[in-house]
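Student: Sequence first, predicted model second:
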Amino acid sequence: MAEELFRRWPVSEEKRRRMDAAYPVFAGDGGQAPFGPSGYMLPVDAEPFLRQYVQTPVDPGDVWIVTLPKCGTTWTQEMVWLIQNDCDYKGAQCLLCPDRYQFLEIACISAPHQREEVRQGNNPISKRNMFSRVEERPKPWFVKTHLPLHYCPPALLERGKVIYVARNPKDMCISYFNHLKVFEERDPDLPLDEFADLFMAGEVNQLPYFPHVLEAWKQRHNPNLLFLFFEDMKRDLRGTIQKVADFLGKSLTKEQLDGLEFNLHFDSMKKNPWVNKSMAYAYSPLTAEELEAMAAKEPPPQFMRKGQTGDWRNHMSQQTSDKMDAWIQRELAGSDLKFITG
Ligand code: PPS
C-alpha cells in the first residue's frame, strides 16, 4: 500500500487558527488535518484508522453506500436494506446504524475526547456502533461510509457492490452547515458565508468535495458501482428504486414498488423513528433512558430536515452563491459531470 495514501499534510498556522475557531470541539485534541492524495480532512490522529479501513474484508453480497455527508446516505441505506430484505418492514424496526449497517469510520471522524466518552459511557448502542469488531460482522454486510473510494478496500469494486450518491454542493453545504450545528461540531455562531468558504477550501471534516465525487464518477461504468444523484431520487423515486433493485439483482412486484415508494418518501421517513432519531441514540455517550428524558423536556432537532433540492436559495447570499457557481464551474472544467441545483 503506497505510503502517500496515509500521509498527513502540515497545516499552516493561519489555517489552524481558522479551523480551530470554526470547530472548537476538535481544537483541544489537536484539530483536524488533510490526509492522503485528496487532502481528506479528519482529526489529526486518523492515520491508524485509515490503515485499518482500507483493509476491511469484503465478501460477495456485501453492499456499501458511499457518499459525502448529507448527500442522501440514510435515504439510500433504507432503500437498499428494504430491497435486499424483500420489504421486511417489521425487520426494519431497528436502528439503521448499528443494527442494520456498520458506519465504517464513525470512531475516526469523532473528536478523540468524544470517542473516549463513548468508550467509557453507558450507552451500549453507541459502543457497538463505534467499536464493533469487523470480524463479528453479519453476512451479507451493509456498510455506510463517507470515506472516498481510495480509503475503501481495493477488493470492494471487485467483490462487493457500491452505491454512490452525489448531491449538488450548494444543498450539501446548507445541509452540512445545519448538521454540524445539531451535532455541536462547529461554532454555533459561524456565519454561513464563512462556512461556505471553508467548504470550498475543503476545510471541513470529511471534505474536500470534488475529489470525492470525481473519483466515484470515474467508476460510473464499473458494473459493481451504481452512481446516483440525490436530485434524481427526489425527482423520480420510483424509477430510482427500480434502478437500485436491478443493480442488486432483485425483482420487485408492483405492490412492493408501491410500498417502497410510500415508505421512502420524505414524509414517511421523517415519521420513522428508526431512521430519523437513530443518530442521537447511536452516537451519544448518554444511555437510552437519559436520551428519552432529555427528549421529553425538549424535542431533539430532527435529522430529516427538509429533504429538498434548491433549499440553498433560502439561505445563501447572492455573493456566496456566485462564488460557489464559479468554484463548481472551475472544478468541473473538462468533466462531463453536471449537477442539478434546483
Ligand atoms: S448523513 O448524516 O451524512 O448520513 O446524512 P444523509 O443521510 O446523507 O443526508 C441527510 C439529508 O438527506 C435528506 N433526506 C431525504 N430527502 C428526501 N427524501 C428522503 N426520503 C430523505 N431522507 C433523508 C435529509 O433531510 C437531509 O437533507 P436536508 O437538506 O438537511 O433536509
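Tutor: Everything's here; your move. Residues are numbered from 1 along each chain as shown.

Student: How many residues are close by Asn314?
Tutor: Residues within reach of Asn314, counting by other Cβ atoms under 10 Å, total 9. C-beta: built from backbone N, CA, C; applies to glycine.

Student: wait, Phe26
Tutor: Neighbours of Phe26 using other Cβ under 10 Å come to 23.

Student: cool, and Val213?
Tutor: Neighbours around Val213, by other Cβ under 10 Å: 25.

Student: show me where the stretch 1-150 of the chain has strands.
Tutor: Applying DSSP state E, counting those that start in this stretch to the stretch 1-150 of the chain gives strands spanning 32-35, 40-43, 63-67, 102-103, 142-145.

Student: of all those strands, which lies closest to the ligand?
Tutor: For the strands of the stretch 1-150 of the chain, the distance to the ligand is smallest for strand 63-67, at 5.5 Å, taking Cβ to the nearest ligand atom.

Student: ok, now which ones touch the closest residue to Leu68 other than its chain neighbours?
Tutor: Spatial nearest neighbour of Leu68, excluding adjacent residues (Cβ to Cβ, 6 or more residues apart in numbering): His212 at 5.3 Å. His212 sits next to Ser38, Tyr40, Leu68, Pro148 when contact means Cβ atoms under 8 Å, 6 or more residues apart in numbering.

Student: rerun that using 10 Å as the cut-off
Tutor: 38, 40, 66-68, 71, 146-150, 164, 166, 202, 206 (Cβ atoms under 10 Å, 6 or more residues apart in numbering).

Student: same for the ligand: which of those residues are within range?
Tutor: Checking those against the ligand by Cβ under 6 Å from any ligand atom, the ones in range are Thr67, Cys71.

Student: Now restrict the contacts of His212 to buried residues only.
Tutor: Buried by 16 or more other Cβ atoms under 10 Å: 38, 40, 66-68, 71, 146-150, 164, 166, 202, 206, out of the contacts of His212.

Student: Return the most buried member of the strands of the stretch 1-150 of the chain.
Tutor: strand 63-67 (a mean of 26; mean count of other Cβ atoms under 10 Å).

Student: helices and strands around that one, which ones?
Tutor: Packing partners of strand 63-67 (3 or more Cβ pairs under 10 Å, 6 or more residues apart in numbering; DSSP states H and E): helix 73-84, strand 142-145, helix 156-159, strand 161-166, helix 209-217, strand 225-229, helix 237-248.

Student: Adding mean pLDDT and distance to Ser284, write the ones you listed out as a markdown table.
Tutor: Below are the helices and strands packed on strand 63-67 laid out as a markdown table (pLDDT from 0 to 100; distance: least, Cβ to Cβ, whole Å):
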| stretch | mean pLDDT | distance to Ser284 |
| --- | --- | --- |
| helix 73-84 | 98 | 17 |
| strand 142-145 | 97 | 18 |
| helix 156-159 | 96 | 30 |
| strand 161-166 | 98 | 26 |
| helix 209-217 | 98 | 27 |
| strand 225-229 | 98 | 30 |
| helix 237-248 | 98 | 31 |
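
Student: Thank you kindly, that will do.
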